[in-house]
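K.L.:
okay, sequence plus prediction incoming.
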Amino acid sequence: MNQSVREIAKGRWRGLLPELGVASTYLNKRHGPCPICGGKDRFRFDDKNGVGDWICNSCGSGDGVMLVAKATGKPVGDILERVKALAGTVAATPVKERDTAKEMHAIKSLWERAQRPADDGPVQAYLNRRLGRPWRSNAIREVMDCWEAGSQTRMPAMVAAVTDPDGSLVNCHLTYLTPDGQKVTRRVMPGSLPEGCCIRLWEPRDGVLGVAEGIETAMAAAARFKLPVVAAINANRLAAWEPPAGVKEVYVFGDNDESYTGQAAAYNLARKLVLKHNLIAHVMIPPEGGTDWAD
């Protein structure tokens, strides 16, 4: 039933979502406020596949059904019944197929022209301000003129390579900066984010690896606990992260969210690592509520 309802709704989500509790102001294909977490500039509704596709730098990504479920708290079954009832009243628009080859070309091109961060550049200034020290990682590069679609301008950016569990480049995570290293906003480039992907800041050491949500959190945990740590991008992707070959022990550095989102993702991942991969897993949560390890 789920698949058939989603097929009926394909191409109709711009009309369906306002009827299901997600206001049309969120559906403009530009980064802006998130209807789920309330973040001011981290959500984008792109509907590239006609299934209500969306992405939030904090909440993850999904289709129209999951957007309604996360934004309203309604059960998925109830949403599907409502979609089925409404779909016939909303006109479908042609679905433009994604040009995945073009997306991947743009990702690779940006990564290839990005450079090692300069000692006196905006990336090191940003990391020094955020973490109290400069950082080096083969997964982090710098561009001085990255296109920022939301503002139609070019600005410096920290470019982080997103790779699949085998280490192949699948996307780039961008942190846009002012020339003096102040954060402007974050983006993930248009393209795929396969299950289990992450930003591999460091490789495992002696079979041990840590994983956290964000880049800065991973760097802070690495410094504090003297471990190699990777960044899963957000809580949803932390829970879905897959360990690379050869890892035997994992430290999961979760956020101490007041909503318990970070804690839930950390423990869900630890459970999967133990039961599915037969690994040793440790969950590490900062003691103060509303903080992550970078705080």
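P.N.:
Nice, I can see it.

K.L.:
now Ala160: closest residue in space that isn't a chain neighbour?
P.N.:
Counting by C-beta to C-beta, 6 or more residues apart in numbering, Ala160 lies nearest to His173, which is 4.2 Å off, once chain neighbours are set aside. All C-beta atoms are positioned from the backbone trio N, CA, C, and that covers glycine.

K.L.:
how about the host helix or strand of the one you found: buried residues?
P.N.:
Element membership of His173 [criterion: DSSP states H and E] is strand 169-177. By neighbour count on 16 or more other C-beta atoms under 10 Å, the buried set for strand 169-177 is 169-177.

K.L.:
and the gap between the residue nearest to Ala160 and Gly77?
P.N.:
For His173, the distance to Gly77 equals 34 Å [C-beta to C-beta, to the nearest Å].

K.L.:
now do the domain split for the chain, please.
P.N.:
Using automatic domain parsing, the domain parsing of the chain gives 2-89, 102-188, 208-284.

K.L.:
for stretch 13-24, what is the average pLDDT?
P.N.:
The predicted model assigns stretch 13-24 a mean pLDDT of 86.

K.L.:
pLDDT score for the residue lying closest to Cys172 once chain neighbours are set aside?
P.N.:
Sequence neighbours aside, Met189 is the residue nearest to Cys172 in space, at 4.9 Å (criterion: C-beta to C-beta, 6+ apart). We have a pLDDT of 87 for Met189.

K.L.:
contacting residues for Met189?
P.N.:
The contact partners of Met189, by C-beta atoms under 8 Å, 6 or more residues apart in numbering, come to 103, 106-107, 110, 171-174.

K.L.:
which of these sits closest to Glu249?
P.N.:
Checking these against Glu249 by C-beta to C-beta gives His173 as the nearest, at 26.0 Å.

K.L.:
and that closest one, bridged to which residues?
P.N.:
Counting by DSSP bridges, His173 is bridged to Ala160, Val188.

K.L.:
rewinding a little: could I get the domains of the chain as CSV with distance to Asp295?
P.N.:
Shown next, in CSV, are the domains of the chain (distance: least, C-beta to C-beta, whole Å):
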stretch, distance to Asp295
domain 2-89, 15
domain 102-188, 10
domain 208-284, 8
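
K.L.:
circling back: hmm, Ala157 and the residue nearest to Ala160 touching each other?
P.N.:
No: His173 is beyond contact range of Ala157, at 9.7 Å (criterion: C-beta atoms under 8 Å).
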